[in-house]
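> Here is my input; please provide its structure:
(chains A, B, C and D)
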Number of protein chains: 2
Amino acid sequence: MFSKACEYGIKASIFIATNSFEGKRVSPKEIAMEIDSPQAFTAKILQALVKHDIINSIKGAYGGFEISRDKIATIKLNQIVKAIDGDSIYNGCGLGLHKCDEAHPCPVHDKFKAIRDGLKHMLENTSLEELALNIKSGASFLKV
Amino acid sequence: MFSKACEYGIKASIFIATNSFEGKRVSPKEIAMEIDSPQAFTAKILQALVKHDIINSIKGAYGGFEISRDKIATIKLNQIVKAIDGDSIYNGCGLGLHKCDEAHPCPVHDKFKAIRDGLKHMLENTSLEELALNIKSGASFLKV
DNA sequence: TATAAATAGGATAAAATTATCCGAAATAAA
DNA sequence: TTTATTTCGGATAATTTTATCCTATTTATA
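Model prediction:
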């Protein structure tokens, strides 16, 4: 469904958010440990998230990654997915047709549309805050 | 969503089915032309579909690929997807957790389950026949 | 039985994704 | 201003996926 890079990006964002609630910055090393991902690769993904203005980085001593309080509440999953995987998940044809729409549909166009609309709705309406709070409360987990 | 191999496999199966309606066998070359896919790679996928007993191959002169009438009606999309992509689409965690269930859910477990159940239901209830008939009638397309 | 026409399948190559390494640049604090 | 710490970013490597090529095997027909 999502690329590995995207999975790491989502989990990293959630972990950063849970720490930002407590005013704590985290390092790629710490993030990789907590989400069970390769450190250097995760660092690359963090760079991308910074460039897309989803997370914030502070360089130098006592630096690290954080997300501002108000952003945690407004950032939705779809922003992270778009930043890393692009919007192929929204636009692409289920069977890879170059052109696939109502006027020229692939064999599963309608059936796929329903599912993808559901996915899109979910991604657009799930906030980082909601996911981070569930991690904090122990209702969900980032690894194993 | 699906791998390229799986997209080709689905489209090839549909094309073979439309021809089998008319008792016509088709070659990998013809299939690749009609579904706009790389020929040799498509041939490999056809081999896999044969092994999984989804399509039938007749070797030698006047040979080719076909699907028996009764199978066209009973084969569902999920059989093709499972044959090529395995069942990760059914079992895998949306965020790649090694273990992810009700007792130990990833942050998007419930939300993903709903979407995946929808996808599963669609794949299990869409027959090759239905898709092939829509291609024959010109209601849907296999390429461009 | 010889021949032509097809699929089967192994070996390889190309491309994309995932992953690692290391030095440069930035920054807070001593 | 120096030092320790930390992100940034380029180069490279490993792995997986996608794609190609060539030969072997099978089979219907002449």
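
> Which residues in the lowest-mean-pLDDT helix or strand in chain A does the neighbour count mark as buried?
Least confident helix or strand, chain A: helix A:88-91 with a mean of 88, by mean pLDDT, DSSP states H and E. For helix A:88-91, burial by neighbour count (16 or more other C-beta atoms under 10 Å in any protein chain shown) applies to A:89-90. (Glycine included, C-beta is placed from N, CA and C.)

> Any chance you could list what contacts that helix?
Residues from elsewhere that reach helix A:88-91 (C-beta atoms under 8 Å, 6 or more residues apart in numbering or on different chains): A:1-2, A:81, A:116, A:119-120, B:1.

> Narrow those residues to just the buried residues.
A:1-2, A:81, A:116, A:119-120, B:1.

> Take those and lay them out in JSON lines including secondary structure, distance to B:Ile31 and pLDDT.
JSON lines is the format used below for the buried ones among the contacts of helix A:88-91 (DSSP: H, G, I helix; E, B strand; the rest coil; distance: C-beta to C-beta, whole Å; pLDDT from 0 to 100):
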{"residue": "A:Met1", "secondary structure": "coil", "distance to B:Ile31": "28", "pLDDT": "92"}
{"residue": "A:Phe2", "secondary structure": "coil", "distance to B:Ile31": "30", "pLDDT": "96"}
{"residue": "A:Val81", "secondary structure": "helix", "distance to B:Ile31": "34", "pLDDT": "98"}
{"residue": "A:Arg116", "secondary structure": "helix", "distance to B:Ile31": "27", "pLDDT": "96"}
{"residue": "A:Leu119", "secondary structure": "helix", "distance to B:Ile31": "30", "pLDDT": "97"}
{"residue": "A:Lys120", "secondary structure": "helix", "distance to B:Ile31": "32", "pLDDT": "97"}
{"residue": "B:Met1", "secondary structure": "coil", "distance to B:Ile31": "22", "pLDDT": "92"}
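
> Make TSV out of the residues you listed and add distance to B:Glu30.
TSV is the format used below for the buried ones among the contacts of helix A:88-91 (distance: C-beta to C-beta, whole Å):
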residue	distance to B:Glu30
A:Met1	33
A:Phe2	35
A:Val81	38
A:Arg116	31
A:Leu119	35
A:Lys120	37
B:Met1	27
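
> which ones are touching A:Ser20?
A:66-69, A:72.

> which among these end up buried?
A:66-67, A:72.

> Make JSON lines out of those residues and add pLDDT and distance to DNA strand C.
Output for these, formatted as JSON lines (pLDDT from 0 to 100; distance: C-beta to the nearest atom of the strand, whole Å):
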{"residue": "A:Glu66", "pLDDT": "98", "distance to DNA strand C": "13"}
{"residue": "A:Ile67", "pLDDT": "98", "distance to DNA strand C": "18"}
{"residue": "A:Ile72", "pLDDT": "98", "distance to DNA strand C": "22"}
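
> What is the nearest of those residues to chain B?
Using C-beta to the nearest C-beta, A:Ile72 is the member of these that lies nearest chain B, at 13.6 Å.
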